[in-house]
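> I'd like to go over a predicted model; first the sequence, then the structure.
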Amino acid sequence: MEDLRHPMIDLVPKPTSDVEMEVVEGEVLLYHPSQTRAVYLNPTAAVIWGLSDGKRTVREIIRAIADFYPEAAMTLSDDVLMTLKELQENGVLVVS
């Protein structure tokens, strides 16, 4: 796995309080009522979203995913960090 010295690595992501999640035909959609915005999650992003429960750090999320997908360990931390950043930019996740 890559060097984990990113400034976000020890922060804890959690869903924004008013985000609603809906699973439609196996796909995850997040809806933010105050922004009237829907965010579609691909399967990988849905796993990251599910692990972002306000209890795990970004480092712990990366390790949990690496345990299930060891073949992806080379790019895993970049992918997780990018996904968390996108979820944060879309207003459905808070990282603190």
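Looks like it came in fine.
> mind checking the longest helix of this protein?
Ranked by residue count under DSSP state H, the longest helix found in the chain is helix 76-89.
> what sits up against it?
Outside helix 76-89, the residues that touch it by C-beta atoms under 8 Å, 6 or more residues apart in numbering are 1-2, 4, 6, 8, 13, 39, 44-45, 48-49, 52, 58, 61-62, 65-66, 69, 72, 93-95. The way it works is simple: take the backbone N, C-alpha and C, and place the C-beta from them, glycine included.
> Just those residues: which are in helices?
Applying DSSP H to the contacts of helix 76-89, the entries found in helices are 44-45, 48-49, 58, 61-62, 65-66.
> Tell me the buried residues in the longest helix of the chain?
Using 16 or more other C-beta atoms under 10 Å as the test for burial, helix 76-89 gives 76-77, 80-81, 83-84, 87-88.
> do stretch 38-47 as well
Burial within stretch 38-47, assessed by neighbour count using 16+ other C-beta under 10 Å, is assigned to 39, 41, 45-47.
> so where is the chain shaky, pLDDT-wise?
For the chain, applying pLDDT under 70 flags the ranges 1-4.
> and with 50 instead?
Across the chain, residues meeting the criterion (pLDDT under 50) sit at 1-2.
> follow-up on the earlier one: please list only the buried members of the contacts of helix 76-89.
The buried subset of the contacts of helix 76-89 (16+ other C-beta under 10 Å) comprises 6, 8, 13, 39, 45, 48-49, 52, 58, 61-62, 65-66, 93-95.
> State the pair within those that is farthest apart.
For these, the farthest-apart pair by C-beta to C-beta is Val39 and Ala66; their separation is 24.6 Å.
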